[in-house]
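> Sequence and predicted structure below; questions after.
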Amino acid sequence: MASTRLENLKVSHAGVAVYPPGATFGPRKLKDFEFVWIIEGSAVAQYDDQRIDAPAGTMLLCRPGMTDTYEWSKKRRSIHAFFHFEFGRAPAGWPSLDAWPLSHRLAEDDILRPLFRYMLRLHPQPEPLRSAQMLPTVEVMLQSFISGKFAIGAEPYAELPVAVERALALVRDIVSREPSPRVTLGELARAAHITPEHLCRLFRQSLDLGPLECVRLARLERAATLLARSNLAIKQITESTGWANPYHFSRRFREVYGISPRGYRKAVREGASVRPNPISQALLLNLFSEV
């Protein structure tokens, strides 16, 4: 019986991007495959000469060698999730690469969005757990996307204390505003319906970080995504994500990612690996519990 496994499958970077109205990204020539899920807002994607209108609930698959460009909604913020992958050869019996669809509008009861959430949850995990669970997930997603057979009921999940989830929901909301405003420990505690002291204890127990440290890391995570996945100038990104000045932003960014903002943008676009942000998994879990 012929193998149904993809040869030499590898998954590189993944994450969630939040764009201000009118942002753009590209043109960029892809070296690998990229799945993109439009969560909020909309985009007009251009893959080579093919124009794709992509409202919320659209999933896209761009292929190696294609040049992609994105124009995000001019009227509201847009949010999308993404991950990159590559493989050596598709199994016998799969359609030819040029016959693969570039996009699907998803129904409410699809398998792709839960699997996408699962992929993002696995991405920060250490090896060998990461590859052992992630690679079969990519194969299922790819087969479902290519065939168009992805209707199934999703099941919600939660892994953090309710109070921490409530506080992280406020963190995500604050960080995604234009520009991102300041937030105090008291505001986070009120959103969580507990005292500041109790919130700090829960954050330390759950994430090994304090609430305000999570806010700082969340601002940096959004900035890192905009560096990698937008054409915005570094000064614009600094202001959009709520940093007082470019020097302070650059210093904090280097502390977390081990590289300057400009260096990070260059590294990601060249396909180099970059240091992950310790808050990214908690933010993704909280974000997708509401999608």
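Arrived safely, thanks for sending. Residues are numbered from 1 along each chain as shown.

> When you work out contacts or count neighbours from here on, use the C-alpha atoms and nothing else.
Will do.

> Let me know how buried the closest residue in space to Gly186 that isn't next to it in sequence is, in neighbour terms.
Nearest non-adjacent residue to Gly186, counting by Cα to Cα, 6 or more residues apart in numbering: Pro196, 6.1 Å away. Pro196: 18 surrounding residues under other Cα atoms under 10 Å.

> got the contact list for Pro196?
Residues in contact with Pro196 (Cα atoms under 8 Å, 6 or more residues apart in numbering) are 185-186, 188-189.

> ok, now with 10 Å
Shown in contact with Pro196 (Cα atoms under 10 Å, 6 or more residues apart in numbering): 184-190, 202, 211.

> Now do the SS call for Pro101.
coil (DSSP: H, G, I helix; E, B strand; the rest coil).

> Please apply the same query to Leu6.
Counting by three-state DSSP, the backbone at Leu6 sits in coil.

> Thought Thr137 was touching it, still the case?
No: contact status for Leu6 versus Thr137: not in contact, 11.6 Å apart, counting by Cα atoms under 10 Å.

> hang on, the earlier thing: could you measure from the residue nearest to Gly186 over to Ala43?
According to Cα to Cα, to the nearest Å, Pro196 and Ala43 sit 39 Å apart.

> Please apply the same query to Leu185.
Going from Leu185 to Ala43 by Cα to Cα gives 35 Å.

> The two: which is more packed in?
Ala43 (25 against 18).

> What's the mean pLDDT across the helix or strand where that one lies?
Element membership for Ala43 (DSSP states H and E) is strand 42-47. Summarised as a single mean, pLDDT over strand 42-47 is 98.

> do stretch 166-173 as well
For stretch 166-173, the mean per-residue pLDDT is 91.

> one step back: tell me the helix or strand right after the strand holding Ala43.
Using DSSP H and E, the next helix or strand after strand 42-47 towards the C-terminus is strand 50-55.

> so where's the stretch 1-150 of the chain uncertain?
Applying pLDDT under 70 to the stretch 1-150 of the chain flags residues 1-4.

> can I assume Phe203 sits in a helix?
Yes: when three-state DSSP is applied, Phe203 is found to be in a helix.

> ok, Pro55 to Leu106 distance?
Distance of Pro55 to Leu106, given as Cα to Cα: 10 Å.

> which neighbours do these two share?
Taking Cα under 10 Å, 6+ apart as the criterion, Pro55 and Leu106 both touch Trp37.

> care to break this structure down by domain?
Using automatic domain parsing, the domain parsing of the chain gives 10-147, 162-288.

> Could I get the full set of helices for the stretch 1-150 of the chain?
Counting by DSSP state H, counting those that start in this stretch, the stretch 1-150 of the chain has helices at residues 112-122, 129-147.

> before we move on, the earlier item: mind checking which of the contacts of Pro196 are buried?
185, 188-189, 202, 211 (16 or more other Cα atoms under 10 Å).

> Which of those residues sits closest to Phe82?
Comparing the buried ones among the contacts of Pro196 against Phe82 with Cα to Cα places Pro211 closest, at 26.4 Å.

> which phi and psi does that closest one have?
Backbone torsions of Pro211, given as degrees, to the nearest 10, read phi -60, psi -40.

> what about Tyr264, helix or strand, and which?
Using DSSP H and E, Tyr264 sits in helix 261-269.

> who touches that helix?
Residues contacting helix 261-269 (Cα under 10 Å, 6+ apart): 13, 28-31, 220, 223-230, 233-234, 237-238, 246, 249-254, 257-260, 270, 272-275.

> Now intersect the residues you listed with the strands, please.
Among those, the members found in strands (DSSP state E) are 13, 28-29.

> Which one (most neighbours) among those?
His13 (18 neighbours).

> Against Leu122, how distant is it?
In terms of Cα to Cα, His13 sits 12 Å off from Leu122.

> again, but for Leu30
23 Å.

> ok so, going back, let me know the closest of the ones in strands among the contacts of helix 261-269 to Gly88.
His13 (18.0 Å).

> And that closest one, how far from Val274?
Separation of His13 from Val274 (Cα to Cα): 8 Å.

> and if you look at Gln133?
21 Å.

> now swap in Cys214 and tell me
Remark: distance between Cys214 and Val274 (Cα to Cα) = 20 Å.

> do Ser147 as well
For Ser147, the distance to Val274 equals 33 Å [Cα to Cα].

> what number of residues lie near the nearest residue to Glu34 once chain neighbours are set aside?
Of all residues not flanking Glu34 in the chain, His84 sits nearest, at 4.4 Å (Cα to Cα, 6+ apart). A count of nearby residues for His84, using other Cα under 10 Å, gives 20.
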